[in-house]
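In: Need a 3D model of the sequence below.
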Amino acid sequence: MTTRWLTPEEQRAWRAYIAASLLLEDAIDRQLQQDAGMPHLYYSILSVLSEAPDRRLRMTDLAERLKITRSRLTYAVTRLEKDGMLRREACRYDKRGSIAALTDEGFAVLERAAPGHVETVRNSLFDRLSAEQVGQLEAISTAIAEGLQEDGRPATDDVPWRRRSSTGCS
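Out: Take a look at the predicted model:
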C-alpha cells in the first residue's frame, strides 16, 4: 500500500487546525477552571444534561453525545456526583444501565458558569470569523464528524462511546 502523503497545502491546513483546536480548548478550559472550578468536560456534561428531558440521560447516551469513552464519563460523573452537581440513578427498564441526573445545585453552577463560557467561545472563535466563515466552519465540522461517525461501516466498538469501561457501567 502506498502512503498518501499530505500536500504542502494539506500539511499547512492540518497544522493550523491542530494549533487552533488545542489553543481553543486551552482557553475554554482556563476560563472554566477560573470561573467555575471545573474543566470543559465537566461543564459539557452539565450542559448536555440541562438540555435533556427531565435533566436526565442514560450514561451510554451521555457518552455518545459527548463523544467520550464510558470509562472517562464514569470518572467525571463520579467527581460531579461527589460535588453534588449530579446523581446517578438506576435505570428502570434495564438493570445493567444507569442514568445521570442533573441536580438543582449542578444546574445553578451551570447557570453561573454559562455567561463566561459563552463570552470565551465568542471572543476566542466567533468574533474572529465572518458570517461566511461561520457557515464554512459548520459545514466543514459537520462533514468531518459525519464522515468519522458513519464511514460506511456497521456500528462497532471502534468509536469511544461504545467502548466498554473496566467497570462494565453503561
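In: For residue 91, report the pLDDT, please.
Out: Residue 91 carries a pLDDT value of 81.
In: ok, it touching residue 100?
Out: No. Taking Cβ atoms under 8 Å as the definition, residue 91 is not a contact partner of residue 100, at 10.6 Å. C-beta here means a position set from N, CA and C on the backbone, and glycine is covered the same way.
In: who touches both of those two?
Out: Residues touching both residue 91 and residue 100 comprise residue 58, with contact defined as Cβ atoms under 8 Å, 6 or more residues apart in numbering.
In: now the spatially most central residue of the chain, nearest residue through space, not along the chain?
Out: The centroid of the chain falls nearest to residue 66 when counting by Cα atoms, centre = their mean (3.6 Å). The shortest distance from residue 66 to any non-neighbouring residue, by Cβ to Cβ, 6 or more residues apart in numbering, is to residue 44 (5.8 Å).
In: need the strands for this structure, in chain order.
Out: Using DSSP state E, the strands of the chain run over 56-58, 86-90, 98-102.
In: what sits up against the shortest one?
Out: Contacts made with strand 56-58 from outside it, assessed by Cβ under 8 Å, 6+ apart, are listed as 48, 49, 65, 89, 91, 97, 98, 99, 100, 101, 102, 170.
In: for this structure, longest helix please?
Out: helix 8-36 (DSSP state H).
In: For residue 91 and residue 100, indicate the residue with more neighbours.
Out: It is residue 100, of residue 91 and residue 100, that has more neighbours when counted by other Cβ atoms under 10 Å, with 28 against 15.
In: surely the more buried one meets residue 60?
Out: No. Residue 100 is beyond contact range of residue 60, at 10.3 Å (criterion: Cβ under 8 Å).
In: which regions of this structure lie under the pLDDT threshold?
Out: 150-170 (pLDDT under 70).
In: same thing but 80
Out: Low-confidence segments of the chain (pLDDT under 80): 92-96, 150-170.
In: Residue 102 bridge partners, please.
Out: Counting by DSSP bridges, residue 102 is bridged to residue 86.
In: got the contact list for it?
Out: Per Cβ under 8 Å, 6+ apart, neighbours of residue 102: 46, 49, 50, 52, 55, 56, 85, 86, 110.
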